[in-house]
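Novice: need a structure here:
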Amino acid sequence: MFYNSLVVNLVLLFFLCSTDGKKKAKDLQIITEYAPEDCSEKASDGDDVTVHYTGTLESGKVFDSSRAANREPFSFTLGQKKVIPGWEQGLQGMCAGEKRKLIIPSHLAYGETGHPPVIPGGATLIFEIELVSLKKVAATQQIVSILNFMVIPVLAVLMVYYLYDRMSKEPSKKDSKREERRKKRR
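Specialist: Numbering: from 1, shown residues only. Take a look at the predicted model:
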């Protein structure tokens, strides 16, 4: 445990020193701080996840935490863009009980505008995240959601085909008889 923590801190220190303050990282950095031995289910889009988190600025100032007094873990559905992109990407593949540190560049967080007054524009955010629970989407639910997505376009194509087919056919016998009657009347 001590060795893992030491390695994580050394990796983080190396990263911070290697940037020399000249440029900020453009990619999300994911540091696994703890991974349970049994990881049979991993988080993916569509799953309901519940997390504890603490968000800090690079200065170390905490701007939000679910672990604060009278706060509950945060729940949402992964992949529905209800959270910042850095979270969407950083939670992919997590197991229940796993703890990660996410170092999120501004373009995967709140961008150049930030989230005043708490998060300044262009801020890199650091989140300590623990996946408290994971509820996988059943395969049948995934199939139903795909079918729901496809129903309207398929129905539209079928309707267009039906109308095209109807318009392109030769006149029916009924239409032919009507035409003959009209000719006789003339």
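
Novice: Tell me how many other residues surround residue 28.
Specialist: Residues contacting residue 28 under the criterion other Cβ atoms under 10 Å number 18. C-beta coordinates here come from the backbone N, C-alpha and C atoms, glycine included.

Novice: For it, what are phi and psi?
Specialist: Backbone torsions of residue 28, given as degrees, to the nearest 10, read phi -70, psi 140.

Novice: Could you check how far it is from residue 102?
Specialist: 7 Å (Cβ to Cβ, to the nearest Å).

Novice: Next, show the common contact partners of the two.
Specialist: 86, 90 (Cβ atoms under 8 Å, 6 or more residues apart in numbering).

Novice: Quick check: the gap between the spatially closest residue to residue 137 that is not a sequence neighbour and residue 177.
Specialist: With sequence-adjacent residues excluded and distances taken as Cβ to Cβ, 6 or more residues apart in numbering, residue 137 is closest to residue 46, at 4.1 Å. Taking Cβ to Cβ as the measure, residue 46 falls 58 Å from residue 177.

Novice: More neighbours: those two, which one.
Specialist: residue 46 (15 against 11).

Novice: pretty sure that one contacts residue 77?
Specialist: Yes. Shown here, residue 46 and residue 77 form a contact pair, counting by Cβ atoms under 8 Å, at 6.7 Å.

Novice: re earlier: if I look at the residue nearest to residue 137, how far off is residue 146?
Specialist: 11 Å.

Novice: where does this structure have low pLDDT?
Specialist: The model of the chain has pLDDT under 70 over residues 1-25, 138-142, 144-145, 170-175, 186.

Novice: Just want the most central residue of it.
Specialist: residue 79 (2.3 Å; Cα atoms, centre = their mean).

Novice: my read: it touches residue 88, true?
Specialist: Yes. With contact defined as Cβ under 8 Å, residue 79 counts as touching residue 88 (6.7 Å).

Novice: Next up, the contacts around residue 73.
Specialist: 50, 51, 52, 66, 132, 133.
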